[in-house]
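Peer 1: I'll drop the sequence and a predicted model, then ask my questions.
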Amino acid sequence: MKWKKLGQVFAPDHHYDWMVSHAANPVADQLSDSLYRVYSSCRDKNNKSSIYHIDFNINQPDKILNISKTPILSPGDPGYFDDSGVTVTGLVTVDKIKYLYYLGWNLGVTVPWRNSIGLAISDSTGCIFTKYSPAPIIDRNSVDPLSISYPWILHENGIWKMWYGSNLEWDQDNDCAFKFCIKYAESENGINWRRDGIIAITFKSADEYALARPCVINDNGIYKMWYSYRGISYRIGYAESDDGINWTRLDEEVGIDVSKTGWDSEMIEYPHVFDHKSNRYMLYNGNAYGKTGFGLAVLESD
């Protein structure tokens, strides 16, 4: 693979009080022909995150056609699982209903934070999302006792398949450093999930401590995953699987890296890969975990 970067698409700059900075974890949804809606997460001046969208023509990605004037999804009230912020992670459309999966953030006392997974549901317009429940649909349990994050979901033959991050430890001797791998779960309805502790992607060296935000497609019977992996700073990795459960890491084949200068010169992360007509595209974040916004790349032909 070799990706051609098409440039930075969008980065908030004090558009609203709730949209001061960041365009993290972009997720593209086709509205019509070349018109796409991208959901991502912004932060206010207190770093509390909300979910919003922008619209653009994929053939003219430098021209933003619309920016949502109010959040698609806002943090919960004090005490709820998402009172410190909400972060978009995945979007699935089934029978014209859109299922938006998101992280709920709680700031911690003994550890920095805790994540759970929530769900919001929309009609086909994708303009108004309603939280399925004030509680998370996936929370800590005996399989994932610490914190869970960044799910990606596919709906295939009536089965909902999820790849998600699971924290394996908080290292109290190292400033509460975390260690996230990517696990696999299944569901019959997208709400109630069976988690058996199956690890899909694990670490390849002692320097790695975070595997985050998987994006999975089924490409003619071969599951392909793009994800973020982190040692010193985030890079985008790549893996393949015959069944979506047992994976082979092929990071050296990913074909995209940081730029020499500019908005994505320090790190590159949170990919969303999707096909449009005969081309394959990638939305991704750059420096500072999405503070510099997101960009677009296209896979070059052989």
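Peer 2: Looks like it came in fine.
Peer 1: And D207, what's its pLDDT?
Peer 2: Per-residue confidence (pLDDT) for D207: 89.
Peer 1: cool, and Q172?
Peer 2: We have a pLDDT of 72 for Q172.
Peer 1: Residue numbering should commence at 9 henceforth.
Peer 2: Right, with 9 as the first residue, what we last looked at is Q180.
Peer 1: Can you get me a residue count around it?
Peer 2: Counted with other Cβ atoms under 10 Å, residues neighbouring Q180 total 10. For the C-beta atoms, the positions are set from N, CA and C on the backbone; glycine is no exception.
Peer 1: I'd like the distance between it and K187.
Peer 2: As for Q180, its distance to K187 is 13 Å (criterion: Cβ to Cβ, to the nearest Å).
Peer 1: same check, this time on D41
Peer 2: To K187, D41 is 43 Å away according to Cβ to Cβ.
Peer 1: These two: which has the busier surroundings?
Peer 2: K187 (16 against 11).
Peer 1: Only the buried residues of stretch 92-111, if you could.
Peer 2: 92-100, 106-111 (16 or more other Cβ atoms under 10 Å).
Peer 1: Tell me the one of the residues you listed nearest S57?
Peer 2: Ranked by distance to S57 (Cβ to Cβ), these are led by G93 at 3.6 Å.
Peer 1: need the contact list for the closest one.
Peer 2: 49, 51, 55-58, 83, 111-113 (Cβ atoms under 8 Å, 6 or more residues apart in numbering).
Peer 1: Could you rerun that using 10 Å?
Peer 2: Contacts for G93 (Cβ atoms under 10 Å, 6 or more residues apart in numbering) come out as 49-52, 54-59, 82-84, 110-115, 121, 123.
Peer 1: Measure how buried the nearest residue to it once chain neighbours are set aside is and give me the count.
Peer 2: In this structure, G93 finds its nearest non-sequential neighbour in S57, 3.6 Å apart by Cβ to Cβ, 6 or more residues apart in numbering. Look at S57: counted by other Cβ under 10 Å, it has 29 neighbours.
Peer 1: Wait, S57 touches P20, no?
Peer 2: No: the criterion here is Cβ atoms under 10 Å, and S57 misses it with P20 at 11.3 Å.
Peer 1: What strand or helix carries V46?
Peer 2: strand 43-51 (DSSP states H and E).
Peer 1: Buried residues, that strand. List them.
Peer 2: Those buried within strand 43-51 under the rule 16+ other Cβ under 10 Å are 44-51.
Peer 1: Distance to S236 and pLDDT added to those residues, as a markdown table?
Peer 2: A markdown table is the format used below for these (distance: Cβ to Cβ, whole Å; pLDDT from 0 to 100):
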| residue | distance to S236 | pLDDT |
| --- | --- | --- |
| Y44 | 22 | 97 |
| R45 | 23 | 96 |
| V46 | 18 | 97 |
| Y47 | 18 | 97 |
| S48 | 15 | 98 |
| S49 | 15 | 98 |
| C50 | 19 | 98 |
| R51 | 18 | 98 |
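Peer 1: Let's have those residues in JSON lines, adding distance to I253.
Peer 2: Shown next, in JSON lines, are these (distance: Cβ to Cβ, whole Å):
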{"residue": "Y44", "distance to I253": "31"}
{"residue": "R45", "distance to I253": "31"}
{"residue": "V46", "distance to I253": "30"}
{"residue": "Y47", "distance to I253": "28"}
{"residue": "S48", "distance to I253": "29"}
{"residue": "S49", "distance to I253": "29"}
{"residue": "C50", "distance to I253": "34"}
{"residue": "R51", "distance to I253": "35"}
